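Novice: model the following, please.
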Amino acid sequence: MRWLAALFLILAAPASAFAPIFAGGQWAALDRGNSCEAATRAVRIAEKGKVQARAGFAFDVSGPRHGQFFAQLSRMPRPGSTVILTVGDQPFLLAAGSGWAWSRDPAQEAAIIAAARSAGGMRIESRDQAGARFIDRYLLEGAATAIDAAAARCATAKLAKSGRNP
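Specialist: As a prediction, the model looks like this:
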């Protein structure tokens with residue numbers, strides 16, 4: 001049944017071209033050509049017509065992202081609200097805008113990845129437009145392997161692009 005969540009993520013991914021690299025636990029790794037990502041969906045399935053919360057880590061073949069944490073939030077945060085990611089019991093203040101949140105810098109990205117490797121779950125909290133608190137919860141089973149697979153695929157593509165053999 002766990003692979004079903006990963007399959008759902010792959011099928012629900014945006015229509016842009018991608019190739020699955022890994023699917024296990026609650027996570028999948030996807031090759032999107034110029035980028036790779038390890039991603040999952042929130043535990044709670046969105047109601048019809050609502051945004052499905054999802055989160056992951058992005059890697060670019062030749063761009064600036066090397067493990068950037070990202071999340072599409074289930075609700076639009078109220079302007080000025082903080083968005084907090086808690087991995088296990090370790091909190092991280094995220095940058096946010098237009099219904100998305102992301103890590104602030106490479107040091108925070110490395111800390112989030114390290115925390116995700118040893119925790120069982122994570123949650124993202126904020127306040128919506130009406131001021132009500134909302135929480136998007138995620139399981140981390142399969143996250144470490146998906147992160148490693150996405151990072152390795154983009155690193156290999158980067159080597160190939162440079163003309164060196166991987």
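Novice: which of the residues in stretch 121-136 are classified as buried?
Specialist: For stretch 121-136, burial by neighbour count (16 or more other C-beta atoms under 10 Å) applies to Gly121, Met122, Ile124, Glu125, Ser126, Arg127, Phe134, Asp136. Every C-beta, even on glycine, is put in place using the N, C-alpha and C of the backbone.
Novice: doesn't Arg137 make contact with the fourth one?
Specialist: Read it as Glu125. No: between Glu125 and Arg137 there is no contact under C-beta atoms under 8 Å: 9.7 Å.
Novice: and the residue nearest the centre of this structure?
Specialist: The chain has Gly56 as the residue nearest its centroid, 0.8 Å off, counting by C-alpha atoms, centre = their mean.
Novice: endpoints of stretch 26-36, how far apart?
Specialist: For stretch 26-36, the separation between the terminal residues is 17 Å (C-alpha to C-alpha, to the nearest Å).
Novice: and what of stretch 84-95?
Specialist: 9 Å.
Novice: and it, which residues are buried?
Specialist: Judged by neighbour count (16+ other C-beta under 10 Å), stretch 84-95 contains these buried residues: Leu85, Thr86, Val87, Phe92, Leu94.
Novice: which one of the residues you listed sits closest to Ala149?
Specialist: Within those, distances to Ala149 taken as C-beta to C-beta reach their minimum at Val87, with 19.3 Å.
Novice: what lies in contact with the lengthiest helix in the chain?
Specialist: Ordering each helix of the chain by length in residues (DSSP state H) puts helix 143-162 first. When contacts are taken as C-beta atoms under 8 Å, 6 or more residues apart in numbering, the neighbours of helix 143-162 outside the stretch itself are 21-22, 24-31, 35-40, 57, 59-62, 66-67, 113, 116-117, 165-166.
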